[in-house]
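Asks: Build me a structure from this.
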Amino acid sequence: MDPRREEDSGTRNEVRGRVDGGIVQIGTLVDSSPSRRWLFLAGLPVLAVLATVGGVLALRQDDPGPLRTADAKVRTEAVADSTTNNWECGDSAVVPGLDVGAEGLPMVRAFPRGGVQADGSVITVTLQGTTQEELVLTGARAVIVSRRPPLKGTHLTAVCASDVPVRSFEVDLDVDDAPLVPVPDPRPDAEQKRVTRWPYAIKEGDAEHFVISPKSMKYDTEYHIVVRWSSGGSKGEVVLDDHGKPFRYTATTAADPLCVVQDPDGAYRHLPAASPRCPGKS
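Replies: Okay, here's the model as predicted:
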C-alpha cells in the first residue's frame, strides 16, 4: 500500500523544504522524507499490538466478566413473599366513611377500597431458602411501628360460601414483640390436625406457607413481622411487610357492625346490625 494515497477524497498534501508561517491541514499531512516514511510504516504494527494489549488489560480491569462471578458463592438466607388484603372466608375490614342504609349493601367481592384489615383477616406468607443448604426458622415476632385508637367506620366481613382449610399462626398486636404462636384451625367443624410448632426447615424449592392471624382489641396498629433463621454457623432475620410498607390492622371496637343476610333470590347482602332482618333480630 502506498501511504501517500488518499482513498477517501483523492487529495494529497505534502510539505517540501522550508515553510515560513502556519499550515492549515486539509486531508492528510505526510512528511515526504523517505527515511521518516519508512519509520512511520514500521511503527504501525507495533502500535496495533500495543493498542490490542492495552484494550485487553483495560477489559480485565474494568469488566468483571464471567471469570469474576463464576465462582462467587450464593449466600444461604431466608427470603419471603407476603400477601395481605385478601378477601376470602373469614376476612374483614373497617371502612371509614362507608354509609350502609336500611336497604343494605350488595355483597362485596373484593377487599374494599380504603379499608383496613380487621377481625379474622390473615396475612399469607411463603418462606424458602436461597440455596439447597437447609436453614431452620427458629421463631418470629411482631415489631410495632405505631399505635392509634381503633379506626372508626363500618365493619365489613367477607361472605363465607364454603369452608377452606386453614393453618394458622396468631399474633397479639396489643403486646410488644409478641411471638407468632401456632394454633389449630379455630373453626368448630374443621378437621383438627396436629399443630407443628417451631422450628421449621426450609431450603430452595422447599418452602413453608404460613397464614398469620393478627389480633387486637385496643388499637389501630402498624407493624412488621420478623422471622429468625439459622443455617450452619450463620444466623439472620427476614422482615415481612406489605411491599415496603408496614402491615396495618385495627380493632373493631369503634366501628359500626353489619350482618349478612340472604335475599329471596339467593344473593347475599350486608345490613346494619340493628336491622330486623339480621339473624336473631326477628
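Asks: Show the subsequent helix or strand relative to the top strand by length along the chain.
Replies: In the chain, with assignment by DSSP state E, the single longest strand is strand 135-148. Reading on from strand 135-148 to the C-terminus, the next helix or strand found by DSSP states H and E is strand 153-157.
Asks: Could you list every helix and strand that that next one packs against?
Replies: If you count contacts as 3 or more C-beta pairs under 8 Å, 6 or more residues apart in numbering; DSSP states H and E, strand 153-157 packs onto strand 92-95, strand 255-262. The C-beta positions use only the backbone N, C-alpha and C, and glycine is treated the same way.
Asks: Residues contacting that strand, please?
Replies: With contacts defined as C-beta atoms under 8 Å, 6 or more residues apart in numbering, strand 153-157 is touched by 91-100, 108, 112, 115, 118-120, 252, 255-258, 260, 270.
Asks: now those: which count as buried?
Replies: Among the contacts of strand 153-157, those scoring as buried are 91-95, 98, 100, 108, 112, 115, 118-120, 252, 255-256, 258, 260, 270 (criterion: 16 or more other C-beta atoms under 10 Å).
Asks: Show me the shaky parts of this structure.
Replies: Applying pLDDT under 70 to the chain flags residues 1-73, 160-167, 185-193, 205, 282.
Asks: what about 80?
Replies: 1-74, 88-90, 159-168, 184-194, 204-209, 281-282 (pLDDT under 80).
Asks: Please parse it into its domains.
Replies: 13-66, 78-272 (automatic domain parsing).
Asks: from those domains, which stretch is densest packed?
Replies: Mean neighbour count (mean count of other C-beta atoms under 10 Å) peaks for domain 78-272 among the domains of the chain, with a mean of 16.
Asks: circling back to that earlier point, closest one to Ala80 among the helices and strands packed on strand 153-157?
Replies: Nearest to Ala80 among these is strand 92-95; the distance by C-beta to C-beta comes to 23.4 Å.
Asks: quick one: contacts of the closest one?
Replies: 111-112, 114-121, 150-158, 250, 252, 255.
Asks: which residues touch the helix or strand that it is followed by?
Replies: Later in the chain than strand 92-95, the nearest helix or strand by DSSP H and E is strand 105-106. Applying C-beta under 8 Å, 6+ apart, the contact partners of strand 105-106 are Leu258, Ala267, Tyr268, Arg269, His270, Leu271.
Asks: Among those, which one sits closest to Tyr223?
Replies: Set against Tyr223, the nearest of the contacts of strand 105-106 by C-beta to C-beta is Leu258 (26.0 Å).
Asks: re earlier: which of the contacts of strand 105-106 fall in strands?
Replies: Members of these lying in strands (criterion: DSSP E): Leu258, Tyr268, Arg269, His270, Leu271.
Asks: Hmm, the last one is touching Asp256, no?
Replies: No. Applying C-beta atoms under 8 Å as the test, Leu271 and Asp256 come out as separate, 11.4 Å apart.
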